[in-house]
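**Student:** Sequence first, predicted model second:
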Amino acid sequence: MNRIPRRLLAAFLVSVLTASVHAETIPVFTPGDEGRPFVDAFGSGLYSAKCIDGAGCTCAAMPITRDELAVVLGLESVAADVLGLWDSPATDSTLTDEGPEQIHARFGGTGYCPQTPLEPVDGQWRDGKPFNIAVHCGPGTAMFRQVLADQKLITARLVWNGTFSGDTIQTAFMAADPDPENTPHTFENLTLVETLGVAAITTEGGTMTSHGRMRLLMPKLFSVHWDVQSMTEMGPCNWSTDQLVTWVGE
């Protein structure tokens, strides 16, 4: 996961990045009894289900569009009639055009699919290669873009205690790849599936502020968007990237 190592900033005369992240907060469904119809809490028209043959499923609303889901799954597109994504101990994630009640019934459940909050899974999580890389850094633009594209990818063990948290993510990835020059972010958890962090440093070479937005998209996937601005002795140096961080095992 991208961070702010000072040695990297110094190498490119970057010191502190300040940019606003244009992120809307996401409404979160609070589960009640299991006798209520499924609520599409994020208005995405998509849900995820964890199913056990003979016992039914539990279902969670997903804060992700079909276009985003296609990117995540490496597909050209996701059909408009796709309503959800389910998995079971015997089957990997599978798209379905069945609604929550239908998938629940197929696996032996009765009534409505019990709705749960979207929660991350404990285990090993791995960085994905950065994409949507945008760099505006004067004569160093091309070189810095390549540095971002080729950055080291890290695997860290995350124990969430049932809560998607920027502090949990940062602590785990910093432990997996220690850097004494790293500048930690201060996180605010906006909803159960969205957290925003900010970090700022000032050196002799300039100032930089970094904003990071992390969103839990599925129980085994979250997205990271970094938006950074700095002012150096050679002028402004701004960049942004996106990453997908994926659960890879226990």
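**Tutor:** Done, it's in.
**Student:** any idea which helix is longest in the chain?
**Tutor:** helix 166-176 (DSSP state H).
**Student:** which helices and strands does that helix pack with?
**Tutor:** The contact analysis (3 or more C-beta pairs under 8 Å, 6 or more residues apart in numbering; DSSP states H and E) places helix 166-176 against strand 155-158, strand 186-191, strand 194-203, strand 206-218. All C-beta atoms are positioned from the backbone trio N, CA, C, and that covers glycine.
**Student:** Try it again at 10 Å.
**Tutor:** Other helices and strands packing on helix 166-176, by 3 or more C-beta pairs under 10 Å, 6 or more residues apart in numbering; DSSP states H and E, are strand 123-126, strand 155-158, strand 186-191, strand 194-203, strand 206-218, strand 221-232.
**Student:** With mean pLDDT, distance to D179 and mean neighbour count as new columns, can those be given to me in JSON lines?
**Tutor:** Output for the helices and strands packed on helix 166-176, formatted as JSON lines (pLDDT from 0 to 100; distance: least, C-beta to C-beta, whole Å; neighbours: other C-beta atoms under 10 Å):
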{"stretch": "strand 123-126", "mean pLDDT": "96", "distance to D179": "18", "mean neighbour count": "18"}
{"stretch": "strand 155-158", "mean pLDDT": "97", "distance to D179": "13", "mean neighbour count": "18"}
{"stretch": "strand 186-191", "mean pLDDT": "92", "distance to D179": "17", "mean neighbour count": "16"}
{"stretch": "strand 194-203", "mean pLDDT": "91", "distance to D179": "13", "mean neighbour count": "19"}
{"stretch": "strand 206-218", "mean pLDDT": "91", "distance to D179": "14", "mean neighbour count": "22"}
{"stretch": "strand 221-232", "mean pLDDT": "92", "distance to D179": "16", "mean neighbour count": "22"}
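**Student:** Need those in CSV (columns: distance to A90).
**Tutor:** Output for the helices and strands packed on helix 166-176, formatted as CSV (distance: least, C-beta to C-beta, whole Å):
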stretch, distance to A90
strand 123-126, 19
strand 155-158, 25
strand 186-191, 32
strand 194-203, 32
strand 206-218, 19
strand 221-232, 20
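**Student:** Quick check: which of these is nearest to T96?
**Tutor:** Nearest of those to T96, taken as C-beta to C-beta: strand 206-218 at 14.2 Å.
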